[in-house]
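> pasted the sequence and its predicted model underneath.
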Amino acid sequence: VSSTPQAALDTFVSAASTTKKKITNGKSSLKTISKALDAILAAPSKPKPRVFKSKNFSHKKFVFDMPGAADLLKSIGFQLEDDEKTGSSLTLPPDAPLEPLRLVQPLITTALAKLDESSKIDFSAQPAASASVAVDFSAIQKPKACARRVLPKNGHWTQTEEKSTAKDE
């Protein structure tokens, strides 16, 4: 777990900047987190925005499955809870200070800008693949008989001999 929100965001941006898809998911992840933090700051007494549940599709995809996202939330006071019935959740306790949430918002904005810059990289300009090796398959002959397993109606496997359709030369 990263000790500071900045360290967690640096790890997050580094992991999310490797492909176009990861950049897109990373931006969505940061927007999801930012939106939830805004909701908490707007209504601190409401319990619903204080919980990210792994059973929720968006929370799973953009928080639990994104490397570094859960660490970011933990670094600002969220706690990981595991429940057999409801699955994992990251919860901000009712008595947690809100100041870390306020302080992390500009850091998230900066991280989003970094991901926007990363999205301008042309990932299609990868080094050319190694030259393909030509293989002559004409020298390979089909075997005259192939054994195959057959499941007859009685449900027991049996070994049968399959005759080759290749002509003898």
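Perfect, I can see it now.
> do you know how far the spatially most central residue of the chain is from Ser17?
With distances taken as Cα atoms, centre = their mean, the residue of the chain nearest its centroid is Asp65 (4.4 Å). Distance, Asp65 to Ser17, by Cβ to Cβ, to the nearest Å: 17 Å. Glycine gets a C-beta too; all of them are placed from N, C-alpha and C.
> now do Gln6
For Gln6, the distance to Ser17 - Cβ to Cβ - is 16 Å.
> can you check Pro100 too?
Distance from Pro100 to Ser17, by Cβ to Cβ: 24 Å.
> also Lys55?
Distance, Lys55 to Ser17, by Cβ to Cβ: 29 Å.
> tell me where the longest helix sits in the chain.
helix 20-42 (DSSP state H).
> now do the SS call for Thr18.
Look at Thr18: counting by DSSP: H, G, I helix; E, B strand; the rest coil, its state is coil.
> and if you look at Asp82?
strand.
> the helix or strand just after the longest helix of the chain pairs with which strands, and in what direction?
Tracing the chain past helix 20-42, the next element assigned as helix or strand by DSSP states H and E is strand 51-53. Sheet pairing for strand 51-53, assigned by DSSP bridges, gives strand 87-91 (antiparallel).
> and Leu92, what does it touch?
40, 50-51, 77-79, 101 (Cβ atoms under 8 Å, 6 or more residues apart in numbering).
> Ser89 now?
Contacts of Ser89 (Cβ under 8 Å, 6+ apart): 51-54, 80-81, 83.
> which single one of the residues you listed is nearest to Pro94?
Nearest to Pro94, judged by Cβ to Cβ, of the contacts of Ser89 is Val51 at 11.2 Å.
> helices or strands up against the longest helix of the chain?
helix 5-16, helix 69-75, helix 99-118 (3 or more Cβ pairs under 8 Å, 6 or more residues apart in numbering; DSSP states H and E).
> mean neighbour count, those: which tops it?
Mean neighbour count (mean count of other Cβ atoms under 10 Å) peaks for helix 69-75 among the helices and strands packed on helix 20-42, with a mean of 22.
> and it, how far out from the chain's middle?
Distance, stretch centre to chain centre, for helix 69-75: 15 Å (Cα atoms, centre = their mean, to the nearest Å).
> same check on stretch 14-29?
10 Å.
> with stretch 32-52 instead?
Going by Cα atoms, centre = their mean, where stretch 32-52 is centred and where its chain is centred differ by 23 Å.
> got the buried residues for it?
32-34, 36-37, 40, 49-52 (16 or more other Cβ atoms under 10 Å).
> re earlier: avg pLDDT for the longest helix of the chain?
For helix 20-42, mean pLDDT is 94.
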